[in-house]
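**Q** Pasting the sequence and the predicted model now:
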Amino acid sequence: MNGVPEPAAPDAPSVLPGVRVGRLVGHGDARGSFTELWRASNTATGTDAFVQANLSTSSQGVLRGLHLHQRQLDYWVVVGGRAFVALVDARGLIAGTAMVPSVETRELAEHDWVVIPAGVAHGFLAPEPTRLLYLVTNEYDGSDELGFAWDDPAVGVPWPVLSVTADGRPIVSERDAFNPPLAALVARLRS
């Protein structure tokens, strides 16, 4: 590991404003390796201050989401496994400037990262055991924990069918199983 490590570089552009995707660059030799997990210039503005770091572990077939924060930027790094990520831009719906949300999906492999701005709902499906490190700009207190149904037909996220469950549907938490449709969440936020 000679010289200065290269930063994690942006990858394919996103169709959603403010979303950035990239891959970590690791450097290794016979002693081991070094990988820079985060750099301020890879966030949406480079000025967002992360105040909490979390590690999520998910068994094969687990789906987490769709979650929405109005005041929090998330930076996700897949540190083990793979994640089928769904991003739903609800900013225009909440502001009343759009009629339908923009949806983007992509599979992230180990060492891939994504920056998710406030107002972009997010969730992921673990097609195999997955570990996801995420840094956030708000400490958790529950006041900005919003969500809507992961399978809302009006949103139409094309989640993969699973072979690990009898019905092909993902394993979800009780909270995520009973989240309302996006339209109901938006109506509540507008009132």
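**A** Arrived safely, thanks for sending. In this text, all values refer to a predicted model and were calculated from it rather than measured experimentally.
**Q** ok, which stretches of the protein are strands?
**A** Secondary structure of the chain (DSSP state E): strands located at 9-10, 20-23, 26-29, 32-35, 52-58, 63-68, 74-80, 82-89, 102-109, 112-116, 120-125, 130-136, 146-147.
**Q** contacting residues for Leu162?
**A** Contacts for Leu162 (Cβ atoms under 8 Å, 6 or more residues apart in numbering) come out as Gly61, Leu125, Pro127, Gly168, Arg169, Pro170. In short, each C-beta sits where N, CA and C put it, glycine included.
**Q** residues touching the second one, list them.
**A** Put plainly, it is Leu125. When contacts are counted by Cβ under 8 Å, 6+ apart, Leu125 touches Gly61, Val62, Leu63, Ala83, Phe84, Ala86, Trp159, Pro160, Leu162, Pro170.
**Q** let's see it at 7 Å
**A** By Cβ atoms under 7 Å, 6 or more residues apart in numbering, the contact set of Leu125 is Leu63, Phe84, Trp159, Pro160, Pro170.
**Q** which residues does it bridge with?
**A** With DSSP bridges as the criterion, the beta-bridge partners of Leu125 are Leu63, Phe84.
**Q** Would you quantify the distance from it to Gly61?
**A** To Gly61, Leu125 is 8 Å away according to Cβ to Cβ, to the nearest Å.
**Q** list the residues that contact both of those two?
**A** Any residue near both Leu125 and Gly61 by Cβ under 7 Å, 6+ apart counts here, and that gives Pro170.
**Q** now the one residue sitting closest to the centre of the chain: how far from Ala166?
**A** Residue closest to the mean C-alpha point of the chain, counted by Cα atoms, centre = their mean, is His122 at 4.7 Å. Using Cβ to Cβ, His122 is found at 27 Å from Ala166.
**Q** Select the longest helix from this protein.
**A** Ranked by residue count and defined by DSSP state H, the top helix of the chain is helix 182-190.
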